[in-house]
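Undergrad: predicted model and sequence below, questions to follow.
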Amino acid sequence: MLHFGKDCKGVIIDVFTAIHTYYEQKPQVMRDEAIRSFGIAPQTIILAANSLGYGACPMDRFDFEAVEKLIHLPDDYTVAMYVAMGKPVKDPWPRGGQLAMNEVVIRNHS
Ligand SMILES: Cc1cc2nc3c(=O)[nH]c(=O)nc-3n(C[C@H](O)[C@H](O)[C@H](O)COP(=O)(O)O)c2cc1C
């Protein structure tokens, strides 16, 4: 358990200030961070769905702006991808081969 003591509020405000300063006026840094975050979120949703017996797939071939309008998304939000989810009615097709570890991991590339 973390204990911040009576100065906890000051620590939290300092952290928010630091975060704000880091991203302020830097659209590329904001976008990079968003891409990292929304890459993790769908995978977590898909794994959670699978653990509950649902099938789930990421999807990004849709009209992003139309979806944002349809769901009345606030201006400071954006849609990153869909996760289609449901009860599987049949087994998935066989998976393609997995790439060899040395094709996707680079170790001490000097
Ligand atoms: C980032 C991402 C976006 C995808 N977008 C679509 C999509 O728009 N439409 C689609 O039919 N499949 C899309 N797919 C593929 C499906 O999610 C799914 O992987 C595919 O139907 C094959 O299923 P399998 O991976 O279980 O073999 C996407 C996959 C990824 C990783």
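TA: Done, it's in. Fair warning: this is a prediction, and the values are worked out from it, not measured in the lab.
Undergrad: tell me which residues in the helix or strand where residue 35 lies are buried?
TA: Residue 35 belongs to helix 27-51 when assigned by DSSP states H and E. Residues of helix 27-51 classed as buried by neighbour count (16 or more other CB atoms under 10 Å): 42, 46, 49. All C-beta atoms are positioned from the backbone trio N, CA, C, and that covers glycine.
Undergrad: contacts for that helix?
TA: 22, 23, 55, 56, 57, 58, 78, 80, 81, 83, 85 (CB atoms under 8 Å, 6 or more residues apart in numbering).
Undergrad: state the mean pLDDT of that helix.
TA: For helix 27-51, the mean pLDDT works out to 91.
Undergrad: check whether that helix comes into contact with the ligand.
TA: No - figure legend: helix 27-51 not in contact with the ligand (CB under 6 Å from any ligand atom); closest approach 7.7 Å.
Undergrad: spatially nearest residue to residue 77 (excluding sequence neighbours)?
TA: residue 68 (7.9 Å; CB to CB, 6 or more residues apart in numbering).
Undergrad: residues in contact with that neighbour?
TA: 77, 78, 79.
Undergrad: can you do 10 Å?
TA: Residue 68 is in contact with 74, 75, 77, 78, 79, counting by CB atoms under 10 Å, 6 or more residues apart in numbering.
Undergrad: same list (these) but as a markdown table, adding neighbour count and secondary structure.
TA: Output for those, formatted as a markdown table (neighbours: other CB atoms under 10 Å; DSSP: H, G, I helix; E, B strand; the rest coil):
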| residue | neighbour count | secondary structure |
| --- | --- | --- |
| 74 | 7 | coil |
| 75 | 6 | coil |
| 77 | 9 | coil |
| 78 | 13 | coil |
| 79 | 17 | coil |
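Undergrad: just those residues now: which is nearest residue 92?
TA: Among the contacts of residue 68, residue 79 lies closest to residue 92 (CB to CB), at 25.6 Å.
Undergrad: from what I can see that closest one touches residue 71, true?
TA: Yes - counting by CB atoms under 10 Å, residue 79 does reach residue 71; the two are 8.1 Å apart.
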